[in-house]
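Peer 1: Based on what follows, work out the 3D shape:
(one chain, ligands or ions: 2)
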Amino acid sequence: MTTMLITNIGELTTNVGSPDGDRFGTLHDAAVLVDGGRIAWVGSADAAPGADEIVHAGGRAVIPGFVDSHSHLVFGGDRAAEFEARMAGQKYAAGGIRSTVAATRAASDDELRARLRGFLDEMLAQGTTTVEIKSGYGLSVADEERLVRLAAEVTPEVTFLGAHVVPAEYADRADDYVDLVTGPMLDACAPHSKWVDVFCETGAFSVEQSRRVLEAGVAKGLTPRLHASQLGPGDGVRLAVELGAASIDHGTYLTDDDIAAIAASDTVLTLLPGVEFSTRQPYPDARRLIDAGVTVALACDTNPGSSFTSSMPFCIAIAVRDMGMTPAEAVWAATAGGARALRRDDVGVITVGARADLVLLTAPTRIHLAYRPGVPLVDQVWKDGVAVF
Ligand code: NIG
Ligand code: FE
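Peer 2: Residues are numbered from 1 along each chain as shown. Ligands and ions are numbered 1, 2, ... in the order given. Sure, this is the predicted structure:
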C-alpha cells in the first residue's frame, strides 16, 4: 500500500478542537499523511514523515470532504417549469412531488442509476465525499424498494422516505397509505436502509402519522430523522426530539420552545439553504440557533422541487451571507456537522484513523468558500485516500 503526504498546507481545517479553544482545529503550515485510505499522521509540515507520493499544496487550504447529510437523488424528470413559475411569484407547494413520482415510476432502473451517478460525479467535483440519499419518489412498495436499492449501490447512508407525500391513488385515504408504509413497504425497504424519515408538515403527514412511521421504522432497526417546520411551524420538532432522531431537517420556522428543545437534545438541526433560495422563503437564523446551543449541519437537499443545487460551497456562501454563520462555522456545519447528523465519527474530521476524505482548495483559506461565491474553488478531492477529482 503506497503512502501519500499532502504538505505545505497553508490552512488545514481538522475539526478537532484544540486545547487553546479553536473548535475548528485550524493548523497552519501543516501536512497530512495518508496510508491505506485512512489518515495516518497530521502535524506541522516541518516535522512531516516521508511518503511514497508527495502532494505540494503550495500554501493553499485543505478541509475535510463535505458530508451532505440530506439529498433526494433518485428520481426521473425535473421541474424547471415549476421553478420558473415560482420565480414569477407562485408559492412552493409540496404537491409538486407527485409529478416527480410519475416521472420516477416511468423511468427504468438503468435510467435512474445513470442519473444518480451523474449527480454523485457533480458532487465529488464540488468536494462532497459522503452523501445521504432518501427514497420518496416511488410511493409504492415496488418503486420505493427500487429507490432504496439503487441508493444503496452508491452509499451506506440510505433513508427510507415512503412517507414523503400521500400518492394520488391514496388521496383521501392517508391512514391507509400509512398502513402500507409501515407494513409491506417498510418490510421491503428496511433491508436496504439505515434511516427512516417522514415529511411532517401540513399537506404531507400529521404528527400522529409521522409517529407511526418512525416508530415502525425503529422497530425494524432503522434510526429516525425528520423533515419538519419547512413550510410553517409544527409539532414535528418535539416528536423528533422525543424519539431521539439523529436530525431534524429544514427548521425554517422554529419557535423559541422548539429551539430550546433541540438544544437540550442530541438531535442535530440540518439547515438547507438551497431550499429557501429556490422557494423564496426566509432564511433561518443560524446565529440564533448556534448561540442557543443547537448543533447545526448544512446540507444541499438536492431534489427537483425545492432545491436543485448539489453545491455545498453555494450553501456555505448563503449560510455566511444570510444566516449569520461565520465561514468557519459554515465549513464545520458542512463537514463535521453533517457527520454528526449521520452519527459518523470517521468522516468530517482530519485526524489519525479517520477516512482520508480531503479537499484541496484553490484558495489560501476556507473563508474564500463564502467570499468567492460561485467560483469553482475545489482543486483536488480524495475519497478514502484515492484521488477522485
Ligand atoms: O426536502 N420537503 C419535502 N421534500 C423535499 C422536496 C421535494 C420536492 O419538492 O420534490 C424537500 O424539500
Ligand atoms: Fe428533503
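
Peer 1: in the stretch 151-300 of the chain, which spans are helices?
Peer 2: 174-180, 186-189, 207-219, 236-242, 256-263, 273-279, 286-291 (DSSP state H, counting those that start in this stretch).

Peer 1: since we're on Asp257, how many residues are nearby?
Peer 2: 11 (other Cβ atoms under 10 Å). Yep, even glycine has a C-beta here, placed from its N, CA and C like the rest.

Peer 1: Look up how far Arg98 lies from the closest residue to Leu120 other than its chain neighbours.
Peer 2: Leaving aside its chain neighbours, Leu120 sits nearest to Val154 (6.0 Å; criterion: Cβ to Cβ, 6 or more residues apart in numbering). To Arg98, Val154 is 26 Å away according to Cβ to Cβ, to the nearest Å.

Peer 1: quick revisit: need the helices of the stretch 151-300 of the chain in a markdown table (columns: distance to ligand 1 and mean pLDDT).
Peer 2: What follows is the helices of the stretch 151-300 of the chain, written out as a markdown table (distance: least, Cβ to the nearest ligand atom, whole Å; pLDDT from 0 to 100):
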| stretch | distance to ligand 1 | mean pLDDT |
| --- | --- | --- |
| helix 174-180 | 16 | 98 |
| helix 186-189 | 17 | 99 |
| helix 207-219 | 13 | 98 |
| helix 236-242 | 11 | 98 |
| helix 256-263 | 17 | 98 |
| helix 273-279 | 5 | 98 |
| helix 286-291 | 18 | 98 |
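
Peer 1: So which of those helices is nearest Ala31?
Peer 2: Nearest to Ala31 among these is helix 286-291 (30.9 Å), distances taken as Cβ to Cβ.

Peer 1: Show me what counts as buried in that closest one.
Peer 2: Ala286, Leu289, Ile290 (16 or more other Cβ atoms under 10 Å).

Peer 1: where does Pro233 fall, phi/psi-wise?
Peer 2: phi -70, psi 150 (degrees, to the nearest 10).

Peer 1: That one against Thr255, yeah?
Peer 2: Yes. Using Cβ atoms under 8 Å, Pro233 is in contact with Thr255, at 5.7 Å.

Peer 1: Over in the stretch 1-150 of the chain, which residue gets nearest ligand 1? Let me know.
Peer 2: Of all residues in the stretch 1-150 of the chain, the one sitting closest to ligand 1 is Ile97 (4.3 Å; Cβ to the nearest ligand atom).

Peer 1: Likewise for the chain?
Peer 2: Nearest to ligand 1 in the chain, going by Cβ to the nearest ligand atom, is Gly305, at a distance of 2.1 Å.

Peer 1: Spit out the contact partners of that residue.
Peer 2: Arg79, Glu82, Tyr92, Gly96, Ile97, Thr100 (Cβ atoms under 8 Å, 6 or more residues apart in numbering).

Peer 1: Which of the three states applies to Phe381?
Peer 2: Small correction: residue 381 is Val, not Phe. Secondary structure state of Val381, per DSSP: H, G, I helix; E, B strand; the rest coil, is strand.

Peer 1: Name all residues that make contact with it.
Peer 2: Gly65, Leu124, Ala125, Gly127, Thr129, Leu358, Val359, Leu360, Ala387, Val388, Phe389.

Peer 1: and if you look at Glu215?
Peer 2: Glu215 makes contact with Leu243 under the criterion Cβ under 8 Å, 6+ apart.

Peer 1: Out of the helices of the stretch 151-300 of the chain, flag the one nearest Gly10.
Peer 2: Once those are compared by Cβ to Cβ, helix 286-291 is nearest, at 26.5 Å.

Peer 1: so how far is that closest one from its chain's centroid?
Peer 2: 19 Å (Cα atoms, centre = their mean, to the nearest Å).

Peer 1: Send me it as CSV with only the CA atoms.
Peer 2: Output of helix 286-291 as CSV, limited to C-alpha atoms (Å, rounded to 0.1, in the frame of the first residue of the first chain):
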residue,chain,number,x,y,z
ALA,A,286,-28.5,30.1,12.2
ARG,A,287,-26.8,32.6,14.6
ARG,A,288,-29.8,32.3,17.0
LEU,A,289,-29.6,28.5,16.8
ILE,A,290,-25.9,28.2,17.4
ASP,A,291,-26.0,30.8,20.2
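
Peer 1: oh, and call the first residue 162 from now on, that's how I've got it
Peer 2: Got it, first residue is 162 now, which makes that one helix 447-452.

Peer 1: Am I right that Asp358 is in contact with Thr384?
Peer 2: No. Contact between Asp358 and Thr384 fails when scored by Cβ under 8 Å: they sit 10.0 Å apart.

Peer 1: higher neighbour count, the two?
Peer 2: Asp358 (31 against 20).

Peer 1: rewinding a little: give me the secondary structure label for the residue of the stretch 162-311 of the chain closest to ligand 1.
Peer 2: helix.

Peer 1: Can you give me the neighbour number for the closest residue to it other than its chain neighbours?
Peer 2: Counting by Cβ to Cβ, 6+ apart, Val326 is the residue found nearest to Ile258 once chain neighbours are left out, at 4.8 Å. A total of 23 residues lie near Val326 under the criterion other Cβ under 10 Å.

Peer 1: Within the helices and strands, which one has the residue of the chain closest to ligand 1?
Peer 2: According to DSSP states H and E, Gly466 maps onto no helix or strand at all.

Peer 1: What backbone torsions are found at it?
Peer 2: Backbone torsions of Gly466, given as degrees, to the nearest 10, read phi -100, psi -70.

Peer 1: Would you quantify the distance from Pro385 to Ser269?
Peer 2: For Pro385, the distance to Ser269 equals 31 Å [Cβ to Cβ].
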